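*Asks:* structure for this input, please:
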Amino acid sequence: HSVQQPGGRGTSSGGDRSMVPVLARAAVAIGVAAVFAETHPDPDRAPSDGPNMLPLRAMPEFIASLQAFDAVAKARPLAATACG
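*Replies:* Next up, the predicted model:
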């Protein structure tokens, strides 16, 4: 729901699924241990939250990219003092 746009479609919520990979990668890169992402075989025909969903066929590549970012984050963790 981090990409959701409440009321973005007038009578229902909109969203920008293109931002899902960007936000998920950013989260994993800073050390987040889990990601929740909605998916559907045909998001544009989903009964709800379709604009926020990734197509099911995109999930293998999405998960692989997050695993790669996770490996980098774990290999070079941020020091506690690096953030402030």
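*Asks:* which ones are touching the residue nearest the centre of the chain?
*Replies:* Residue closest to the average C-alpha location in the chain (C-alpha atoms, centre = their mean): residue 20, at 3.3 Å. Contacts for residue 20 were tallied using C-beta atoms under 8 Å, 6 or more residues apart in numbering; they are 3, 37, 52, 54, 62. Every residue, glycine included, has its C-beta placed from N, CA and C.
*Asks:* out of those residues, which sit inside helices?
*Replies:* Among those, the ones falling in helices (DSSP state H) are residue 62.
*Asks:* strands - which of the contacts of residue 20 land there?
*Replies:* residue 54 (DSSP state E).
*Asks:* how near is residue 79 to residue 18?
*Replies:* In this view, residue 79 and residue 18 are 32 Å apart by C-beta to C-beta, to the nearest Å.
*Asks:* now do residue 57
*Replies:* The value you get for residue 57 to residue 18, if C-beta to C-beta is used, is 15 Å.
*Asks:* same check, this time on residue 64
*Replies:* 18 Å.
*Asks:* does residue 44 touch residue 50 like I think?
*Replies:* Yes. Using C-beta atoms under 8 Å, residue 44 is in contact with residue 50, at 5.6 Å.
*Asks:* so what's residue 70 up against?
*Replies:* Contacts of residue 70 by C-beta under 8 Å, 6+ apart are residue 28.
*Asks:* how close does it sit to residue 53?
*Replies:* In terms of C-beta to C-beta, residue 70 sits 22 Å off from residue 53.
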